Structure formats: structure tokens, C-alpha cells
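>>> Give me the fold of what follows.
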Amino acid sequence: MSTATEIIEHPILFKGVSIPPLLDGRKTQTRRMINPQPVKARIGSMPWSWQRNKNSSILAHTEELLASRLPRWCPYKVGDHFWVREKMECVREMSTGGKYFDAYYCADDAYLIDVVCRDATEASDQDEWLMNYGNWWNKGLPEKTIPSIHMPRWASRITLEITEIRVQRVQDISEEDAIAEGVTPDLIEQLLDPLARRADVRPYHWVHNGNEAMGYCDRCIGKAVRQARKRYPKERHNIEIDGGWSTQVEDGVPCCETCAKLLDYALTEWGVKTELDHFESYPLGKIGPRKAYELSRIFEDVSENDLAETLSRIRRLGMRILWDSINAKRGHPWENNDWVWVYTFKRIEK
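Numbers count the residues shown, from 1 in each chain. Predicted structure coming up:
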């Protein structure tokens, strides 16, 4: 008599920007580091090896052969389930005198299952877990964030079934794979937005007298006018200030001629391609506010009507940014071209 195969479940973390694509089915892949990494160190006639455990190694003549052999040794198997951990927040309902609280998912502000506006004196086991996290309820705090790593199984709303496991280098991702990862210009904009908002970006002004026009920030424009009037004394009354509105359309990144501060801008189609050329030629490195702003311009100003080649490059750059936002601080930036497990999955409807 046959028995049903037991389903094995594993927790998995996702960034908040990846939750909506998981919910609507646009994200059907994820890449995770292989640990330890395969190494190119000749053992006999085999140049590639992966240390599976203390007593066993997987050997191969080529990268392709190694990639084909590794999936069978993956810690997870086809048919296993991932239950997704995401950030939550509990908020005391002050309108009720602080007697009740709401709990919800941070990614889209959806209420956490049925745990909403519960009375502390009539708490269920789930409510008690939420109230006891960090003892925030008894301390009288107005709210408490629960990081995704601490989400309990009962609170997870997304379950995924693994349908395929592959091995590849992270830079070998195809355009189809980037789409399956849920990478879109909107998603990368959301990822960059918190940093980009902190960039010191000034309104774009320029001074011209009919012969030349130079760009300046709002703080340097006055000095530029005075200098122009000294330089062209006979035309001092014709020297004009223009601009000052929020966005100037440019083919590149404009900076103030005096202080080199970034000026607010939007990119033309040519400008998008130029910036793609730049960021494809150099490592991203640490993404600070200014670089985040420059990158966000690319994703905001690209159009669905742009050439397929441009859109393909956009998706690849987006995957690179998404990867580095998670793994660069762990010592595994995109430029390392590390080996990864590629999990393809489908969502299990509850």
C-alpha cells in the first residue's frame, strides 16, 4: 500500500520589493549562493571541484559538466516547499486608548491573517506571540517591527513549490531568467528610491547671453550672473537666468559648473543608452545616494517602446542591482560571478 510522500518545508527570506511580484505570480525564480563555492584547483585530471562535505568532493572537467552534476546534491529537492518570511509590523490602536493593536505585512500594508484589533485580555496564542515580541506591548510602545528573519511559520502567507533546480554562474542569467526573477524598471526604482531620495539634487538653472549657456545649481546661479556681467559689460543687461524648474531633459548627467553638485534631470533615449554604457563598463561598487539617484533615472526614463536590446540591458542591470543589494555586503558582489542555485517555483494557493 503506497503512502503519500511527506512534503518538506523550508523557510526563505525575500526583500520587501520582491513580495508583490511573488503574490501576483510574476516572480517564479530566485538565486541563492552555493556554499562552499566550487573552486578551480586541479585534482588529477579534473580542474573543477566542489567540496560536498569533509569526505567527499564532486569533480568535473568543465564548468558545464560541474553545473550539470551539482543539482542532485542541492540541500533542497524538487517538490519541497518554501514558506516565505517577510517583514511585519504591529501598531497599537491609539484611537481605542491603546487597548487593541493591528498587525500587518510591511510590503503592501495587508493585514496579517485575522490578527487585527485584538484585545490584550482576549488574546489568542498568535496574538500573544506578537505582543511578546520584544515585550513592546507591556512597554507601552506605539509600534514594533518584526524583521523577516523572525517571522513564525503561522504568519507566512506565501508558500512556494520548487519545480526545478539548476546551477549556474550569477552573470550567466538570461533575459528570460531576469523576467522570471520579477525584475522590472518599477521594482528597481522602488529598491533604489530610499537612497535616491537622500541625494543632494539641486534645481537646474542656466545663464546665457545669446552666445553661451552654462548650467548651475540654485546656490551658485547668483555668482554666475555677476561673473557673466563682468565678463560681458556691454551686454550686462541682456544676460538672462533661465530654468529653475524641477527637471531638465539631458543626454547625460548634468552637474553645476561651479560646485559640481548634481542637477535635477531626466534622460533622453540617447541618455539612457549612454548611462547603460557607463554602468556596464565599471563595477557598481557601493551604491550611495548620488549613484542611486543616477541609476534610478535610467529605470524611470526608459520606455516600453525602446528597442528590445535596450530593455534587455535594463533588465540585466536591474538584476545586478538586486543581487548586489542583498549579497555585496556579504562579500559576494556581482563582479565575483559566483556559483548559485537557481530555484524555479510556483505559488501554492492556500
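>>> Backbone torsions only: list them for the residue nearest to Ile221 when sequence neighbours are not counted.
Leaving aside its sequence neighbours, Ile221 sits nearest to His205 (Cβ to Cβ, 6 or more residues apart in numbering; 4.3 Å). To be clear about C-beta, it is placed using only N, CA and C from the backbone, and glycine gets the same treatment. Dihedral pair for His205: phi -120, psi 160, per degrees, to the nearest 10.
>>> how close does His205 get to Asp251?
Plainly put, His205 is 19 Å away from Asp251 if you go by Cβ to Cβ, to the nearest Å.
>>> And the two? Which one has more around it.
Applying other Cβ atoms under 10 Å to His205 and Asp251 shows that His205 carries more neighbours, namely 24 against 15.
>>> roughly how far apart are the residue lying closest to Asp200 once chain neighbours are set aside and Ala196?
Nearest-residue entry for Asp200: Lys261, 6.1 Å, with adjacent residues in sequence omitted and distances by Cβ to Cβ, 6+ apart. Using Cβ to Cβ, one obtains 15 Å as the distance from Lys261 to Ala196.
>>> most residues in a single helix of this protein, which one?
The helix spanning the most residues in the chain, taking DSSP state H as the definition, is helix 308-327.
>>> hey, C-alpha coordinates of that helix in CSV?
These are the backbone C-alpha positions of helix 308-327, laid out as CSV (Å, rounded to 0.1, in the frame of the first residue of the first chain):
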residue,chain,number,x,y,z
ALA,A,308,14.4,45.3,-27.3
GLU,A,309,18.2,45.5,-26.9
THR,A,310,17.9,48.4,-24.5
LEU,A,311,15.1,46.7,-22.5
SER,A,312,17.2,43.6,-22.2
ARG,A,313,20.2,45.6,-20.9
ILE,A,314,17.9,47.4,-18.4
ARG,A,315,16.7,44.0,-17.0
ARG,A,316,20.3,42.8,-16.7
LEU,A,317,21.4,45.9,-14.9
GLY,A,318,18.3,45.6,-12.7
MET,A,319,19.3,42.0,-11.8
ARG,A,320,22.8,43.2,-11.0
ILE,A,321,21.5,45.9,-8.6
LEU,A,322,19.0,43.5,-7.0
TRP,A,323,21.8,40.9,-6.5
ASP,A,324,24.3,43.5,-5.0
SER,A,325,21.6,44.9,-2.7
ILE,A,326,21.5,41.5,-1.0
ASN,A,327,24.9,39.9,-1.5
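>>> got the contact list for that helix?
With contact meaning Cβ atoms under 8 Å, 6 or more residues apart in numbering, helix 308-327 is reached by 15, 31, 33, 170, 173, 175, 178-179, 181, 183-185, 187-188, 191-192, 269, 272-273, 276, 279-280, 284, 287, 295, 298-299, 302, 304, 333-334, 338.
>>> Look at Trp137 and give its secondary structure.
In three-state terms, and counting by DSSP: H, G, I helix; E, B strand; the rest coil, Trp137 is coil.
>>> So what's the residue count around it?
The burial count assigned to Trp137 is 20, neighbours taken as other Cβ under 10 Å.
>>> any low-confidence regions in the stretch 101-250 of the chain?
The model of the stretch 101-250 of the chain has pLDDT under 70 over residues 113-123, 208-213, 228-229, 232-247.
>>> hmm, try it at 90
Per-residue confidence of the stretch 101-250 of the chain (counting by pLDDT under 90) places the weak regions at 101-103, 109, 111-132, 137-138, 140, 154, 202-250.
>>> mind listing the helices for the stretch 201-350 of the chain?
Counting by DSSP state H, counting those that start in this stretch, the stretch 201-350 of the chain has helices at residues 221-231, 269-281, 289-301, 308-327.
>>> Which residue ranges of the stretch 1-150 of the chain form helices?
If you assign secondary structure with DSSP H, counting those that start in this stretch, the helices in the stretch 1-150 of the chain sit at 19-23, 63-69, 125-132.
>>> dump the residue contacts of Val342.
Each residue near Val342 by Cβ under 8 Å, 6+ apart is listed here: Gln29, Thr30, Arg31, Glu164, Ile165, Arg166, Val167, Gln168, Asp177.
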